[in-house]
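**Student:** below is the structure, and that's it, no one-letter string:
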């Protein structure tokens, strides 16, 4: 559209129906529109590689529904995070092809890609309490077509279980390490694997765990080099960070 | 320059030496350059109204000198903040027309404007300890050509001195209220004047004043409506905020 | 009333019915009453320019109703902030001419002024989650008779949308920049416009956003000069700060 | 009782029925009992001067009832703080002579003293939101027989109302200054009166007020000398601190 | 002076040389001057009872000297707190009748009163590390003419030493309890005496003591009722708080 | 099992049916399995000495039931902590031999040992509010077969009650000292006994007690040497720490 | 060595000189040695891909020299971070082939690889103050053989400079985004590129920037999805995180 | 002495030279003296088992010398902690039989006991940076006659080194686990051994490690049950905690 507008303008100049100085005047007002559109292109590219998601916490049903509808129209698939069961039940009526997972609290409609990448992403945590965050990460990855290997029964206070999964850990291309309380798991994993490790602190714990702050500070201060960290409970963000890495691989191969 | 490039292109189209579709192709790559230039225009406008300053704390003499030289070349005047006496002595040799003020720790070369605005800006604080911040604000305003009225002997624990200056306070167009410790001065002033009040917490105090955090939190929580707050000890920022307001007045008169 | 009391006293002195020393004795007790009255005058002036509002959060229906009734009697209009829907429904019965807005949670009865100022105030935010704060600011401004331009679809992670609204932003006399999470919007806007920018952190976010503290600290630490900041979620305060600025313009024109 | 035991022992020694070395052996085991009793005496003295109160928040009805019953038996009167209306309704049935005040959330049975002191204690705050804390302080003082003067319509952003009450403030023997948000009231009062000022921060406010921490830090950092501070919302503690002062006066007159 | 001005005015009215309405006009402008003067009276009263002191930390020699000179001129005596040895040596030359105490870091010139009060104020701490704060309190009290009883060898981890001083503690009219680290001393003392207890947290400690924050929070949260707290290391403030109490006693006897 | 696998392999080598180099190849893959098993042994040992418990807070009934069932199968007894009454009622139906204690919020099925140790462990606190934590510690110890002596009526503001229990305190082998608010109890106890003192801060308190942070910081900063501290409200952790100590005694006797 | 020990043992079994059950007994003690060795293998792999570095801050010259010597012996190259100029001068004498960079404070001896990866890593910051962190990242990458593109003149308050570098940013395979103060740069970049963005907060700023905490919290709370964050000023860690990603690409190509 | 005083008194009663009622009167004043003495006995017992030490940080040479002299006189041996080299050099002249260790910063004169306990105490840390704290713990234990096993080359990011020392760890009676940065070591150790684990956070790290707060919070929040924690860098406290445990064993064997 914009190109056609430009083309028209140039055709008029070429045809002599628009003097160059008047054309210049008109063009002076274009750049920002252009800037917007080129930047919009950038965003379009980013959106094609990443799942755009509706963060449903604190949103009304109407707001969530509107946002999902827009995503669905744009991409043919849609994802909502932090959906509580009540909202989910109503979304199910509105989007009957979608599905809700009560652990991850994700509501998914369709899938971005069936097989975006075959590099296994290990999603690692210690157990029950961290599962909602782990599943938010894992299912977001699966929604985007990544290959996930769940390792959900390891914790630093039980090294025997961790070592028993060492082969799986070393086979992973990326490790998402999820831990609450003291958040030591990523440090231990960072020393065991050479691949990217994305650490996710969770709000699991009480008292001095300060709702995840203790784990967050610990992960940032880790003695293992080259860990990176996302926000507390941010399984979705960890998944997108992994997708950014996977995308780099596939883009540049 | 950019316009001339565009003009040339259009002239070539008009002259038939450049087919419209090739011109279109070339224009597709322009927008970001454009965006950059138009934004640069915006920044140029902002710079003309505000003092650009070198924040000298933590910079080497060479870094400070380079930055001042560049500002001087661009604007014919320059300002450095948080200059310690040792650096100042050496700047004086390099920029003999400049001058240092030991209280505000400003090094000024020239002046942006002799009379940018005649609206009096009251710079208010309780006394000795807050003076460095107050003078940073006041002298930055004066560097930009604003009219400053210093009220530096008032504090909330001595209301008689504050009330004795009420006429001056009410005559001010803008009040910059500077306070450390509990930082209550802006709240009291906010209730006494109807003009904009810019609150500046200072790091004056000890123990529970937490190096200015107590004053900062207090000012943000003020019971007086419509106060705005800048960073701790940020006299320069308060001055620029005041200049933004003064500029609005002069721009739209 | 007080003046008449003074006048009476002086008349008695003049008439010789009250000896000067007895009059002096009586006058000695007056000053504070006077101080109170003159200060009250000051407050009256402030109140005429600003919306006085009832902060309804945590207040009972009775307390809110009493406060609104008093404001209404004094000013012919009244505003309550942070009103929940239950209270609002009951206020509607008591003040049938008023109206409730569920997004801003404001309950408004009448209007201070139809056209206090024609300078456009841009109320800018990234979208859905920040809307309650944005609308609290916008509708407070409108209640006071200011002219508001809402820009509610921009965020720093989507520059194309922000640049697309650059004309509107540059046309504004004052920018109120509202952002949660990392709170970067005001920094970007502060570099794009030369007018006053009032930054409002919101409590939108989770984990490390610490209920708005991350955004608040970021805004206070901004690399853009001359931003000022109000309390977390304080849309009302930002509006009053803008009104203080607008009042300065109109007062001194 | 203990004295009688000692007396008996000495009588036996005196009578020759208990040899001194056996008496010595027995006495060796006494001191701690003694220590306990003498300390208990100290506590008895303290209890006679202060209201002992049941902090009802988080206690069950049974726990609150038991504690009140014990106090009643010991002192003939009893006080419970932070009582919610549901518990209060049930206490009323159990202790029909008692009474509940919904603002202060105190449940009082009887009164320690009708007139412990005639020195007026000013309980000062800005208004509606701080009233629960102010009334907790005021009614605790009244329960102990102190004389209270309530000044509940003053705030630092409205100096005219504060100055209008200056006579009352200066007539007070002790000032309890209660404030939320920025907590500036005690600083202003501390500069206006020469009597003891006990500052009580309240949790009134939001965002940067950090549930009373801003006010607390501000009061501790006050520029007015000689203020003392109690915990956030601790109206009861402020009252007891005032009673300690009043007791000093009456004790040593 | 002010009275004479008023008296003159009334005399003119009485003499008929000034019509009542013109007198009224003049009086309208007086109140604030009046307010200032009456408030200044209040401050004068406060100053007569309390030591005004120069907080020397962060002040230059010139600033400290000027402030002391002004106090000396006004009151015939002067006090500076937080004076380091270098400044003290220079003050000694300027004020040869003054004296420096290296522990309290006070520089005293003269004395406010030889015997303001005979009520013993116990200044209590655990030992060496808290002595600077304890002596700042004790010597400030002595400068004001109060009677101090130092108890500096007690700590909660050595109850035998504390109990050995119980008689002294119970004989005190006011207890100033100074403690760093966990700051438990005031809680224990608050249970042992019925008099006012002013708690002073000190910055003694490391790690989790957070430069006195741990002690401060502990004292504010004390299970002993009616303690009041001042800022960290604020021995001077505790002394002034004690003087406010002593003044109440003497004023109203 | 693993040993038999190894034995088999060696038997094949011995029998000549497996060449040594092929056996070597197989053994190369074993170590980690081994490591896991040996570590699992370590964990088995630890589990035999300590109560493994299900932390029920935030778990669903199904998750809690599954975890308890697994523990029961493995050890013949099971313990769940932080069980709310609703969940408890349903556990009672599922595990009819178990029992719930509403104060400690523990659900216990069976007992690890009837008499693991005869060394008395004193569980000390000030009263009603700290009882849930104290009972969690005490009943966990009893579940493991330790001998508990409850001392639940002492607080630092009432030394007479504390000293009255000095004999019991000195008879204890280990002291678990539980306190909220300022958390001073462990400091006092640490000075009175020479045995291990495990300090447990509780979230009892309000305002500046910061949900147990004040007590935690105080205990960590204690002036009594050799105290150790566990997380806020962590009665279970304190009990396990005591069991580690008791186990050391019994192990090495 | 270990294999040879195993081989020997199996040969003895095969030869019949060692009965299988005795061999079994010996093997039971091996696993941990094995575990250690296999894990050591893992670490060797990690070390081959990453630079091991000596964190020199707080280390003595002797400690730094010893550590560098050991790394040099093991890898033929060595890196020390946070080296101050005094230590650097002495290292230069001890390791004459090494070199010191005063901006990054790195001391490098040799290079891990000349060309580990050709994927450009953009190291982006706003200017002078952030350069030490940016250069620590850039030069660590270069030491490891990665290709770095420095973009050091962009900041969010000057979008025109940022947009002018958009091509470079979009050409990068990985973006390391370094920012102090409000730390908004990564959010903006995260919206402009689809590649991995590693955010590094710096301690640049004052007051409310809390030595980098404001930037850290902002980056963790970013509205741009899929950013990851490392510790404050941790340029080295960001570089290693980038190398983990680059290694994934090269490993799996 | 006190007994003899009591004995004398009883002898006088027995001899009839002191009437029982006068004896009773005298005894009434005794208890606190008694209490003090019995408590002093308690403290004497504690002192005999623990090293009393002078915390030299912030003390003058004179204060440190006096304190050491007193300890030496009382116990025949003395210990000072946190001694800087300058003070140490001067102590060496004053106490020539003493010795200084530059790593632990301990100054020791003599030894409490040559062999207080043979139970090995493992002092575990990751290396160079934590050594000062580790040695403070180890050498304090050795001063008291305990048996120490240093394990100073293990860290959670290098499990192979940790597992290689598993035998030593399991042989220890008590483990003191020292770690800075994320402080994960105690969690891993707590899962590997069944003995008491005393965790010591250190201030090693930067940025988000918040001078040891990250490690402290992590250790308190550990997923390993029954860990206990001491203050940041408090090697001495950990040693005394271990001695309390060792004393329990020896006392009750």
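**Tutor:** In hand now; what should we look at? These numbers come from a predicted model, not from an experiment.

**Student:** show me the helices in the stretch 151-253 of chain A, by range?
**Tutor:** A:159-164, A:166-171, A:185-192, A:213-220, A:235-252 (DSSP state H, counting those that start in this stretch).

**Student:** avg pLDDT for the helix or strand hosting residue A:90?
**Tutor:** Using DSSP states H and E, residue A:90 maps to helix A:85-94. Helix A:85-94 carries an average pLDDT of 96.

**Student:** closest to residue D:104 out of the helices of the stretch 151-253 of chain A?
**Tutor:** helix A:213-220 (35.7 Å; Cβ to Cβ). Yep, even glycine has a C-beta here, placed from its N, CA and C like the rest.

**Student:** ok, the closest one near chain F or not?
**Tutor:** No - Helix A:213-220 lies out of reach of chain F by Cβ under 8 Å from any Cβ of the partner chain, never closer than 9.7 Å.

**Student:** buried set for that helix?
**Tutor:** When neighbours are counted by 16 or more other Cβ atoms under 10 Å in any protein chain shown, the buried residues of helix A:213-220 are found to be A:213-220.

**Student:** same question, stretch A:154-171
**Tutor:** Within stretch A:154-171, judged by 16+ other Cβ under 10 Å, the buried ones are A:154-166, A:169.

**Student:** closest one of those to chain F?
**Tutor:** Ranked by distance to chain F (Cβ to the nearest Cβ), the buried residues of stretch A:154-171 are led by residue A:160 at 3.3 Å.

**Student:** report pLDDT for the closest one.
**Tutor:** Confidence score, pLDDT, at residue A:160: 82.

**Student:** equivalent analysis for residue A:34, please.
**Tutor:** 49.

**Student:** which residues does residue A:144 contact?
**Tutor:** With contacts defined as Cβ atoms under 8 Å, 6 or more residues apart in numbering or on different chains, residue A:144 is in contact with A:50-51, A:112-113, A:116, A:239, A:243.

**Student:** of all the helices of the stretch 151-253 of chain A, which one is nearest residue E:86?
**Tutor:** Of the helices of the stretch 151-253 of chain A, the one closest to residue E:86 (Cβ to Cβ) turns out to be helix A:213-220, at 40.0 Å.

**Student:** can that closest one be found next to chain D?
**Tutor:** No - judged by Cβ under 8 Å from any Cβ, helix A:213-220 stays clear of chain D, getting no closer than 15.2 Å.

**Student:** is that helix positioned near chain E?
**Tutor:** No - against chain E, helix A:213-220 shows no contacts by Cβ under 8 Å from any Cβ, the least distance being 13.7 Å.

**Student:** so which other helices or strands are in contact with that helix?
**Tutor:** When contacts are defined as 3 or more Cβ pairs under 8 Å, 6 or more residues apart in numbering or on different chains; DSSP states H and E, helix A:213-220 sits against helix A:185-192, strand A:197-201, strand A:227-229, helix H:213-220.

**Student:** hmm, 10 Å instead?
**Tutor:** strand A:174-179, helix A:185-192, strand A:197-201, strand A:227-229, helix G:213-220, strand G:227-229, helix H:213-220 (3 or more Cβ pairs under 10 Å, 6 or more residues apart in numbering or on different chains; DSSP states H and E).

**Student:** first-to-last residue distance for stretch A:56-63?
**Tutor:** For stretch A:56-63, the first-to-last residue distance is 8 Å (Cα to Cα, to the nearest Å).

**Student:** ok, residues contacting it?
**Tutor:** A:54, A:64-68, A:80-84, A:86-88, A:90-91, A:94, A:105-107, C:102, C:127-129, C:131, C:203-204, C:206 (Cβ atoms under 10 Å, 6 or more residues apart in numbering or on different chains).

**Student:** that older thread, residue C:174 is nearest to which of the helices and strands packed on helix A:213-220?
**Tutor:** So among these, helix G:213-220 is nearest, using Cβ to Cβ, at 24.4 Å.

**Student:** avg pLDDT for the closest one?
**Tutor:** According to the model, helix G:213-220 has a mean pLDDT of 96.

**Student:** okay, the angle between it and helix C:213-220?
**Tutor:** Orientation check (axes from the mean of the first three to the mean of the last three Cα atoms, to 10 degrees): helix G:213-220 against helix C:213-220 gives 120 degrees.

**Student:** so how far is helix G:213-220 off the chain centroid?
**Tutor:** 21 Å (Cα atoms, centre = their mean, to the nearest Å).

**Student:** now do it against strand G:174-179, angle only.
**Tutor:** 150 degrees.

**Student:** the following helix or strand past the helix holding residue A:90 near chain F anywhere?
**Tutor:** On the C-terminal side of helix A:85-94, the closest following helix or strand by DSSP H and E is strand A:99-101. No - figure legend: strand A:99-101 not in contact with chain F (Cβ under 10 Å from any Cβ of the partner chain); closest approach 14.9 Å.
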